[in-house]
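J.: Fold the following for me, if possible:
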Amino acid sequence: MKKTLYGIPNCDTVKKARTWLTDHEQAFDFHDFKKQGLERATVAAWLEELDWEVLVNRKGTTWRKLPDERRAAIVDKAGALELMLEQPSVIKRPVLAGAGKLSVGFSDDQYRRIFSL
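T.: Now for the predicted structure:
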């Protein structure tokens, strides 16, 4: 299956993941979800595999800038789906698909486990 790394290019963690994949000769496509957007079906599939609380980055600037009432309304998968489609920057990044189980975030150890290196 084709590997796709989802994120935004100026995110330091995404940069590290892209560099790691390239350095370890792992073919992948990069999907800039700020410029290319995200399809509802893609995000819905992620939410079938992972809890919404894993995907929504509540420590990030995008979340903190949301009005209190908007943050308070995100209490389930449906609310998180709408928020992630409206504000893709609220998604914890990067999201790696197609390398087995969906993976969120990046660390050297995490990717070594994913790719059995």
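J.: Give me the phi and psi for the spatially most central residue of the chain.
T.: In the chain, the centroid-proximal residue (C-alpha atoms, centre = their mean) is Val95; its distance is 3.3 Å. Main-chain torsions, Val95, degrees, to the nearest 10: phi -110, psi 120.
J.: State the distance from it to Pro67.
T.: For Val95, the distance to Pro67 equals 26 Å [C-beta to C-beta, to the nearest Å]. Where you see a C-beta, it was placed from the backbone N, CA and C, and this is true even at glycine.
J.: now do Val104
T.: 25 Å.
J.: How about Thr13?
T.: Thr13 is 26 Å from Pro67, by C-beta to C-beta.
J.: between the two, which one's more packed in?
T.: A count of neighbours by other C-beta atoms under 10 Å puts Thr13 above the other of Thr13 and Pro67, at 15 against 8.
J.: Run through the residues that contact the more buried one.
T.: Residues in contact with Thr13 (C-beta atoms under 8 Å, 6 or more residues apart in numbering) are 7, 93-94, 105-106.
J.: go with 10 Å
T.: Residues counted as contacts of Thr13 (C-beta atoms under 10 Å, 6 or more residues apart in numbering) are 7, 92-94, 105-107.
J.: In strands only, show me those residues.
T.: With DSSP state E as the criterion, strands contain Gly7 from among the contacts of Thr13.
J.: For the closest residue to Lys2 other than its chain neighbours, grab phi and psi.
T.: Nearest non-adjacent residue to Lys2, counting by C-beta to C-beta, 6 or more residues apart in numbering: Gly98, 5.2 Å away. Note on Gly98: backbone dihedrals following degrees, to the nearest 10 are phi 90, psi 10.
J.: surely Gly98 meets Thr42?
T.: No: counting by C-beta atoms under 10 Å, Gly98 stays clear of Thr42, with 11.8 Å between them.
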